[in-house]
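Colleague: mind folding the following:
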Amino acid sequence: MQIHDLFPAPGARKKAKRIGRGHGSGYGGRSGRGNNGQLSRAGGGKGPGFEGGQNPLHMRLPKLPGFKNRFRVEYAIVNVSRLEERFDAGSTVDIDALHAAGIIKSKAAPVKVLGDGELSKALTVKVDKVSSAAKAKIEAAGGTVDTP
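Modeller: The predicted structure follows:
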């Protein structure tokens, strides 16, 4: 087989529809657009959201109130009750230790410790944020809090 023997499969190539080139072509006269009206004009027709003059769906639906802060920081939340059940006395609680203990899923999110529950062990807590109630409970148990 040589390059001059190659040809496309039957039906793979169709001739272009030449519109407006005389009535003998089959697409002369009105050029396949019917007689008159909006759809026969260049650029005719309505947009994709048009519903026949009825108020369109995108205008009928309620808009969201307020605004969403683009710079909001989402913290991974950890309560002191989880620290009580997962860590031994005297251990250091940081992002790596929390991730290894399975308390947080990702090391990427900053961590905040909240004060729900009781704590009876002295822990060294090194996280991004600690609530005032959690700080009071950790220090009351003999631990220390280190936040950047």
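Colleague: is Lys112 in a helix, a strand, or coil?
Modeller: What DSSP: H, G, I helix; E, B strand; the rest coil gives for Lys112 is strand.
Colleague: so how far is Ile95 from Phe71?
Modeller: Separation of Phe71 from Ile95 (Cβ to Cβ, to the nearest Å): 22 Å. For glycine as for every other residue, the C-beta is placed from the backbone atoms N, C-alpha and C.
Colleague: more neighbours, those two?
Modeller: Ile95 (18 against 4; other Cβ atoms under 10 Å).
Colleague: wait, that one touches Val113, no?
Modeller: No. Using Cβ atoms under 8 Å, Ile95 is not in contact with Val113; the gap is 11.5 Å.
Colleague: what do the two both touch?
Modeller: Shared contacts of Ile95 and Val113, defined by Cβ atoms under 8 Å, 6 or more residues apart in numbering, are found at Val127.
Colleague: can you confirm Val78 is in a strand?
Modeller: Yes. Under three-state DSSP, Val78 sits within a strand.
Colleague: need the outlier residue of the chain, farthest from its centre.
Modeller: Gly24 (55.5 Å; Cα atoms, centre = their mean).
Colleague: in the chain, which helix has the most residues?
Modeller: Longest helix of the chain, by residue count under DSSP state H: helix 132-140.
Colleague: now do the same contact list for Ser120.
Modeller: By Cβ under 8 Å, 6+ apart, Ser120 lies in contact with 84, 141.
Colleague: same check, this time on Gly143
Modeller: 119, 121-125.
Colleague: surely Ser31 is in contact with Ile19?
Modeller: Yes. Counting by Cβ under 8 Å, Ile19 is a contact partner of Ser31 at 4.6 Å.
Colleague: and Lys135, how many neighbours?
Modeller: Neighbour count of Lys135, defined by other Cβ under 10 Å: 19.
Colleague: how near is it to Leu39?
Modeller: From Lys135 to Leu39 the distance is 71 Å (Cβ to Cβ).
Colleague: what does Gly29 give?
Modeller: 16 Å.
Colleague: kindly report the same for Lys17.
Modeller: 17 Å.
Colleague: do Glu118 as well
Modeller: 74 Å.
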